[in-house]
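Asker: fold the following for me, if possible:
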Amino acid sequence: MLFVIAAFPFLFGNDLGAQLRNWTAAHSLPLVWALGPEQCFEGVNQTGGDCPDNGRAGGAGAWGRPESLNQRLLDPVASAGCTNLTRASVEPKLGQRMREAWARADAARGAGTWEASSAWTDLAHALPREMQLAPLSAVHCTVGPEIGSIVGVSMANGDCVRALSLKADDTEAFSIHLNASAETRVFHGHGALSAGASSRLLHDYDEPMRTDLLDYLFKEQWGAGIQLLKIEIGGDTQSTDGTEP
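Answerer: All right, here's what the predicted structure looks like:
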């Protein structure tokens, strides 16, 4: 099962981050916040603005606190019911703490005083330590069919946090209505694209190999059975390896 990792310095407390939280909740995907580099990393300012010296300068101001780069926080509200930690009902106080943290972040961004590391520390203290995650590594979690659903390791007890899909009895029943007489898009077949003048190589094959290749491409109920082959006819420049003859 998939889960979403969001950049805390760039998204927490703003409109784009709110849209992401709503989207993950609507699609029943766990949301994990990651601190990462607080300011500039590889020329990109995580909180907006310019990066001095292309963001390549070292030090805490450019990279954030090194010991915090791999820490993650599971959003207990946006991820409600999506993991083995949030399967049980999320306590109302957690929702209130998240709303308060979000409001403080929004206000700090508006005032130009946003500091991701301080906001991260405050939120981490407000949430249960079970919600603080470390990325999965080779020494954690037993390899098995559920390994692909692990979103992280709880820093409280080392337990693996799994993403859970909704059970069939948790979803509302719905019906699909088929109408054979309704007008809609018509399937006309499928085709292929030949790029880089590679289809001209067909002439280099002797018979019957050349015909066999064409049969594998176009003959119905035999090979690929394509109805269309799009090839490059060339322009006033040679844009790839060559053009078709």
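Asker: wait, residue 218 sits on residue 225?
Answerer: Yes: here residue 218 reaches residue 225: they are 7.1 Å apart, a contact under C-beta atoms under 8 Å. C-beta: built from backbone N, CA, C; applies to glycine.
Asker: between those two, who's got more neighbours?
Answerer: Using other C-beta atoms under 10 Å as the criterion, residue 218 and residue 225 rank with residue 218 on top: 16 against 13.
Asker: ramachandran angles for the nearest residue to the more buried one once chain neighbours are set aside?
Answerer: Nearest residue to residue 218, sequence neighbours excluded (C-beta to C-beta, 6 or more residues apart in numbering): residue 226, at 6.2 Å. When read as degrees, to the nearest 10, the backbone of residue 226 gives phi -80, psi 150.
Asker: isn't residue 226 up against residue 190?
Answerer: Yes: at 6.0 Å, residue 226 counts as touching residue 190 under the criterion of C-beta under 8 Å.
Asker: neighbour count winner among those two?
Answerer: Neighbour comparison, residue 226 and residue 190: the larger count goes to residue 226, with 15 against 10 (by other C-beta under 10 Å).
Asker: which residues does that one contact?
Answerer: Contacts for residue 226 (C-beta atoms under 8 Å, 6 or more residues apart in numbering) come out as 189, 190, 191, 192, 217, 218.
Asker: dump these to CSV, plus pLDDT.
Answerer: Formatted as CSV, those follow (pLDDT from 0 to 100):
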residue, pLDDT
189, 76
190, 80
191, 84
192, 84
217, 86
218, 86
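Asker: ok, which pair from the residues you listed is furthest apart?
Answerer: Greatest spatial distance among the contacts of residue 226 (C-beta to C-beta): 189 and 217, at 12.9 Å.
Asker: those two: which has the busier surroundings?
Answerer: Neighbour comparison, residue 189 and residue 217: the larger count goes to residue 217, with 16 against 8 (by other C-beta under 10 Å).
Asker: quick check: residue 32 is in a strand.
Answerer: Yes: per DSSP: H, G, I helix; E, B strand; the rest coil, residue 32 lies within a strand segment.
Asker: isn't it right next to residue 76, touching?
Answerer: No: judged on C-beta under 8 Å, residue 32 makes no contact with residue 76 at a distance of 11.0 Å.
Asker: tell me the one of the contacts of residue 226 nearest residue 161?
Answerer: residue 190 (41.6 Å).
Asker: still on that earlier bit, measure the residue nearest to residue 218 to residue 207 for me?
Answerer: 21 Å (C-beta to C-beta, to the nearest Å).
Asker: again with residue 120
Answerer: Distance from residue 120 to residue 207, counting by C-beta to C-beta: 69 Å.
Asker: what does residue 153 give?
Answerer: According to C-beta to C-beta, residue 153 stands 62 Å off from residue 207.
Asker: let me have the contacts of residue 226 in a markdown table, extended by secondary structure and distance to residue 6.
Answerer: Shown next, in a markdown table, are the contacts of residue 226 (DSSP: H, G, I helix; E, B strand; the rest coil; distance: C-beta to C-beta, whole Å):
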| residue | secondary structure | distance to residue 6 |
| --- | --- | --- |
| 189 | coil | 42 |
| 190 | coil | 37 |
| 191 | strand | 39 |
| 192 | strand | 38 |
| 217 | helix | 45 |
| 218 | helix | 48 |
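Asker: looking at residue 32 and residue 76, which is more packed in?
Answerer: Per other C-beta under 10 Å, whichever of residue 32 and residue 76 has more neighbours is residue 32, with 25 against 21.
Asker: domain ranges for the chain?
Answerer: Following automatic domain parsing, one gets these domains for the chain: 4-35+71-168, 180-245.
Asker: now do the phi/psi pair for residue 228.
Answerer: In terms of degrees, to the nearest 10, the main-chain angles of residue 228 are phi -150, psi 130.
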